[in-house]
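Undergrad: Okay, sequence plus prediction incoming.
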Amino acid sequence: MFRYGVAAVFMASAFVLSPYVISDPVLHVLVQIPLLLLSGGLLASRVTISKDIAYVFLIIALVTLIYWMLPRSIDAALSSPWHNAGKFVSLPLLAGAPLVLSWKHLHPVLRGFLKANAISMLGIFAFLYIHAPIRICNSYLITDQQNLGYGFFYVAISLSNYWGWSLVFGSPQRVSHDDTLQSIERVKHDL
Amino acid sequence: MTTRLIFPLLAALLGGGFLWQSTDGLRAITTEEARRISVAENPRPVPEAYLEAMDGTSVALLPQHNETVLVEFIYTSCGDICQVAALDFSEIRDQLALENADVRMISISFDPEQDTPDKLSYYGEAHNADGTLWTVARPISLSGETSLSDLLNLFGVTVIANEWGGFEHNTAIHMIDENGQFSQVFDIDDVDQVVTTVLERS
């Protein structure tokens, strides 16, 4: 129940930010969009899906994420209310939730590949947004575009530190009675 | 086994198609690129509109008998990119004047409140726009029909205020062809391309 409350709070915060994201791409891309993704992820965190459809969910999530990486989608969300509504629906339900649902079934190598891709993509975005001689979004000032570039850089550094740390020292996994039972069930099911 | 293969493949195909659509076939990831493709593929009819020129007279936005009209958007107190754009615009004017091209060039201010005809003239003098081929104008309700926001919408220009009291906007040269269609967008420094295109048309 608690996680649904938090998901609702994240969703509500994303709504509240709406008037402010018009003039600040950092708030838009690095706060509002992650809030929407997290709210969807939280909604799905206790749900299990069959392994057979895990890759379909992963592909849906990746396509949605790529779509919202396009600068023109960000512009469109600001100029068209329909696009903005699409953002509020698609990011939680077609990106955050399916990513979490499929993640449990993904091979560790694929997980690592996706994480490495996320970091390098953020790094490329950082470079691009800091150094682009043109305005990438019509809706935002060039100085704010550079701020967003630095934002991408800090997120890339933080994520690589976090994931690198877990790789070296092991991730701080909480093993509860529930989880253990679930794993046993899963092993039984797979057998 | 088959479901494990077929459904992801189907999802990838549909997803790929969706992203292909969303980027105009991987050609446009920014709004500006999308605007240029959209205009080239589906020229937009320009309505009859009149602007107030720097000398106080009224000028038509639409081409008159077979000429081409080149439009750029400016504001006269602009410190950087408009000045560079004006240099390129005057270069284009010089080349087209040499060729006797049938063309008119208009720098339209999107800040008509501040940019009075006096300021427009000052800007014109500074860049050698004497009103023969190239004039500076502002959209003011001379015809009453076309407002500034209609114009900006038509041309797909987004203007936002910057932190210094000025503006930032997607700067480009817009071509209205002899049929009254807004049909091409050029980079401001693409002087040769603009000149060639206009000469081919006249």
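TA: Good, I have the coordinates.

Undergrad: use CA for all of it now, contacts and neighbours both
TA: Will do.

Undergrad: touching chain A at all, stretch B:167-175?
TA: Yes - using CA under 8 Å from any CA of the partner chain, stretch B:167-175 reaches chain A at B:168-170.

Undergrad: sec struct for the residue nearest the centre of chain B, please.
TA: Centre of chain B computed as the mean C-alpha position; nearest residue by CA atoms, centre = their mean is B:H174, 3.3 Å away. At B:H174 the chain is in strand, as set by DSSP: H, G, I helix; E, B strand; the rest coil.

Undergrad: How about B:L51?
TA: Going by three-state DSSP: B:L51 is strand.

Undergrad: Surely it and B:I106 touch.
TA: No - in this structure B:L51 lies outside contact range of B:I106 using CA atoms under 8 Å: 9.6 Å.

Undergrad: and A:H83, how far is that from A:A8?
TA: 21 Å (CA to CA, to the nearest Å).

Undergrad: Revised request: answer the last question for B:D190.
TA: 51 Å.

Undergrad: Between these two, which has more neighbouring residues?
TA: A count of neighbours by other CA atoms under 10 Å in any protein chain shown puts A:A8 above the other of B:D190 and A:A8, at 17 against 14.

Undergrad: Find the residues that touch each one of B:L51 and B:I106.
TA: Common contacts of B:L51 and B:I106 (CA atoms under 8 Å, 6 or more residues apart in numbering or on different chains): B:A137.

Undergrad: okay if I get the residues of stretch B:167-175 next to chain A as a markdown table plus neighbour count and pLDDT?
TA: Shown next, in a markdown table, are these (neighbours: other CA atoms under 10 Å in any protein chain shown; pLDDT from 0 to 100):
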| residue | neighbour count | pLDDT |
| --- | --- | --- |
| B:E168 | 22 | 91 |
| B:H169 | 21 | 92 |
| B:N170 | 19 | 90 |
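
Undergrad: Let's see the pLDDT reported for B:E145.
TA: With respect to pLDDT, B:E145 scores 59.

Undergrad: Restricted to strands, list the residues of stretch B:167-175 next to chain A.
TA: Residues of those located in strands (DSSP state E): B:168-169.

Undergrad: Specify which member of the residues of stretch B:167-175 next to chain A is nearest to A:S120.
TA: Relative to A:S120, the closest of these is B:N170; by CA to CA it sits at 29.3 Å.

Undergrad: shaky segments in chain A?
TA: A:171-191 (pLDDT under 70).

Undergrad: Going along the chain, name the helices of it.
TA: Ranges of helices in chain A, per DSSP state H, are A:2-21, A:25-27, A:33-44, A:54-69, A:71-79, A:81-90, A:97-103, A:108-131, A:142-169, A:177-190.

Undergrad: list the helices and strands the fourth one packs on?
TA: Meaning helix A:54-69. helix A:97-103, helix B:2-22 (3 or more CA pairs under 8 Å, 6 or more residues apart in numbering or on different chains; DSSP states H and E).

Undergrad: Go through those and name the closest to A:C137.
TA: helix B:2-22 (15.7 Å).

Undergrad: and the angle from that closest one to helix A:54-69?
TA: Here the directions of helix B:2-22 and helix A:54-69 differ by 10 degrees (axes from the mean of the first three to the mean of the last three CA atoms, to 10 degrees).

Undergrad: And helix B:2-22, what does it pack against?
TA: Checked by 3+ CA pairs under 8 Å, 6+ apart, helix B:2-22 has helix A:54-69 packed alongside it.

Undergrad: got the contact list for the helix it packs on?
TA: A:73-74, A:90-91, A:94-99, A:101-103, A:105-106, B:4, B:7-8, B:11-12, B:15-16, B:19, B:22.

Undergrad: hmm, try it at 6 Å
TA: The contact list for helix A:54-69 (CA atoms under 6 Å, 6 or more residues apart in numbering or on different chains) reads A:94-95, A:98-99, A:102, B:8, B:11, B:15.

Undergrad: what sits against B:P8?
TA: B:P8 sits in contact with A:55-56, where contact means CA under 6 Å, 6+ apart.

Undergrad: ok so, going back, nearest to A:Q146, out of the helices and strands packed on helix A:54-69?
TA: Of all the helices and strands packed on helix A:54-69, helix B:2-22 comes closest under CA to CA, at 25.0 Å.

Undergrad: and that closest one, what's its mean pLDDT?
TA: 92.

Undergrad: what inclination does that helix have with respect to helix A:71-79?
TA: Using the same axes, to 10 degrees: helix B:2-22 against helix A:71-79 is 70 degrees.

Undergrad: Next, see if stretch A:9-22 gets close to chain B.
TA: No - contact of stretch A:9-22 with chain B (CA under 6 Å from any CA of the partner chain) is absent, the minimum separation being 10.5 Å.

Undergrad: cool, and stretch A:97-114?
TA: No - using CA under 6 Å from any CA, stretch A:97-114 stays clear of chain B, with a minimum separation of 12.1 Å.

Undergrad: Would you tell me which residues of chain A are close to chain B?
TA: A:52, A:55-56, A:63, A:70-72.
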